[in-house]
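**Q** need coordinates for the following:
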Amino acid sequence: MSLPPLRQRVFQTLGGGADRLGRAISLGLVALIVLNVLAVIAGSVAAVQLRYGPWLDAFEAFSVLVFTLEYGLRLWACREDPRYASALVGRLRFATTPLAIVDLLAVLPALITWMGVDLRFLRLLRLARMLRLAKLGRYSRAVQTMGLAVSRKREELVLSLMLMLLMLVIASSLMYLAEHDSQPEAFSSIPAAMWWGVMTLTTVGYGDMYPVTLLGKIMGAVVAIMGIGLFALPVGILGSAFIELSRPGEQAPAGVCPHCGKPLPPPPAP
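**A** This is a model prediction of the structure:
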């Protein structure tokens with residue numbers, strides 16, 4: 001059996017095809033992403049940067065070359081997906097998909113750095129290389145399952161977020177009324193009291209702001225107890241989504257094309 005055309009072959013291979021080449025490329029890219037994150041972390045240590053700086057820069061240049069080549073090949077081969085069949089419009093539509101944007105952000109900071117920028121902005125761009133970690137979502141079924149769970153429960157998650165914000169505003173407003181006269185500097189305004197509200201609702205409690213009046217202490221205790229249950233809502237929502245996905249026939253399918261979400265065709269016969 002003859003091999004498929006080159007563009008179709010590239011499309012299948014970069015999509016994590018079931019053949020050896022596709023799996024090897026996927027594993028290689030995953031390893032390169034992880035090594036990039038480790039290099040960014042190690043490069044923040046002055047002693048490591050001083051001794052191995054040239055090696056880290058060379059590895060960065062190699063990584064940018066690989067990721068740029070990957071992005072270019074995906075942009076070239078995306079026309080194999082019927083949704084992006086148009087030569088110009090189709091590729092523009094593909095370039096605006098979430099995964100394609102992540103691929104572009106993986107190389108954009110380095111390309112801007114090489115163009116010459118301010119030193120402070122340069123530090124920010126170097127840390128932005130950590131965005132390459134998001135590329136793992138293309139190759140990790142666990143990350144894909146997490147995304148599917150969030151997508152299924154997005155309305156419930158948005159509702160729980162709105163409840164958190166509502167509770168934060170109410171708690172901060174009440175604490176401001178209770179503590180402003182006793183602590184005008186700490187609880188100077190409702191936005192200032194929101195710092196206390198966040199620390200209390202999340203049960204972190206840094207201790208830099210705390211109530212001293214009896215009414216404030218009572219409200220603080222109530223808010224802290226309610227915060228435990230309130231912040232457990234998203235966990236329960238995501239837990240139910242994972243339970244649904246674990247049922248037979250509900251799992252995220254393997255061998256799915258990251259571009260269109262459709263099953264990948266079988267690899268060509270040798």
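
**Q** please, where are all the helices along the stretch 151-270 of the chain?
**A** Secondary structure of the stretch 151-270 of the chain (DSSP state H, counting those that start in this stretch): helices located at 154-179, 190-201, 214-230, 233-245.

**Q** which one of those helices has the lowest average pLDDT?
**A** With a mean of 82, helix 233-245 has the lowest mean pLDDT of these.

**Q** surely Ile101 is in a helix?
**A** Yes - with DSSP: H, G, I helix; E, B strand; the rest coil as the criterion, Ile101 is part of a helix.

**Q** residue contacts, it?
**A** Residues near Ile101 by CB atoms under 8 Å, 6 or more residues apart in numbering: Ala95. Quick note: C-beta positions are derived from backbone N, CA and C, even for glycine.

**Q** then Val48?
**A** 42, 56.

**Q** if we can go back for a sec, okay, the helices of the stretch 151-270 of the chain in TSV with mean neighbour count next?
**A** Compiled in TSV, these are given as follows (neighbours: other CB atoms under 10 Å):
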stretch	mean neighbour count
helix 154-179	16
helix 190-201	19
helix 214-230	15
helix 233-245	15
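
**Q** ok, which of those helices comes nearest Arg51?
**A** Ranking these by proximity to Arg51 (CB to CB) places helix 190-201 first, at 40.6 Å.

**Q** who are the packing partners of the closest one?
**A** helix 154-179, helix 214-230 (3 or more CB pairs under 8 Å, 6 or more residues apart in numbering; DSSP states H and E).

**Q** restrict it to CA atoms and write it as PDB.
**A** Extracted C-alpha coordinates of helix 190-201, given in PDB (Å, rounded to 0.1, in the frame of the first residue of the first chain):
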ATOM      1  CA  ILE A 190     -14.200  47.900  51.700                       C
ATOM      2  CA  PRO A 191     -11.500  47.200  49.100                       C
ATOM      3  CA  ALA A 192      -8.900  47.100  51.900                       C
ATOM      4  CA  ALA A 193     -11.100  44.800  53.900                       C
ATOM      5  CA  MET A 194     -11.300  42.400  50.900                       C
ATOM      6  CA  TRP A 195      -7.700  41.400  51.600                       C
ATOM      7  CA  TRP A 196      -8.900  40.100  55.000                       C
ATOM      8  CA  GLY A 197     -11.900  38.500  53.300                       C
ATOM      9  CA  VAL A 198      -9.800  36.600  50.800                       C
ATOM     10  CA  MET A 199      -7.400  35.400  53.600                       C
ATOM     11  CA  THR A 200     -10.300  34.300  55.800                       C
ATOM     12  CA  LEU A 201     -12.400  32.600  53.100                       C
END
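
**Q** what sits up against it?
**A** By CB under 8 Å, 6+ apart, helix 190-201 touches 164, 167-169, 171-173, 175-176, 179, 186-187, 204-206, 209-210, 220, 223-224, 226-227, 230-231.

**Q** one more time with 7 Å, if that's ok
**A** Helix 190-201 has contacts (CB atoms under 7 Å, 6 or more residues apart in numbering) with 167-168, 171-173, 175-176, 187, 205-206, 209, 220, 223-224, 227, 230-231.

**Q** try stretch 168-177
**A** Stretch 168-177 is contacted from outside by 187, 189-190, 193-194, 196-198, 201, 211, 216, 219, 223, using CB under 7 Å, 6+ apart.

**Q** so which of the helices and strands packed on helix 190-201 comes closest to Arg20?
**A** Taking CB to CB, helix 154-179 is the member of those nearest to Arg20, at 37.2 Å.

**Q** if we can go back for a sec, let's have the helices and strands packed on helix 190-201 in JSON lines, adding distance to Leu56.
**A** JSON lines is the format used below for the helices and strands packed on helix 190-201 (distance: least, CB to CB, whole Å):
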{"stretch": "helix 154-179", "distance to Leu56": "39"}
{"stretch": "helix 214-230", "distance to Leu56": "43"}
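
**Q** what's the closest of those to Val64?
**A** helix 154-179 (33.9 Å).

**Q** quick one, the closest one and helix 233-245 angle?
**A** On the basis of axes from the mean of the first three to the mean of the last three CA atoms, to 10 degrees, helix 154-179 is oriented at 170 degrees to helix 233-245.
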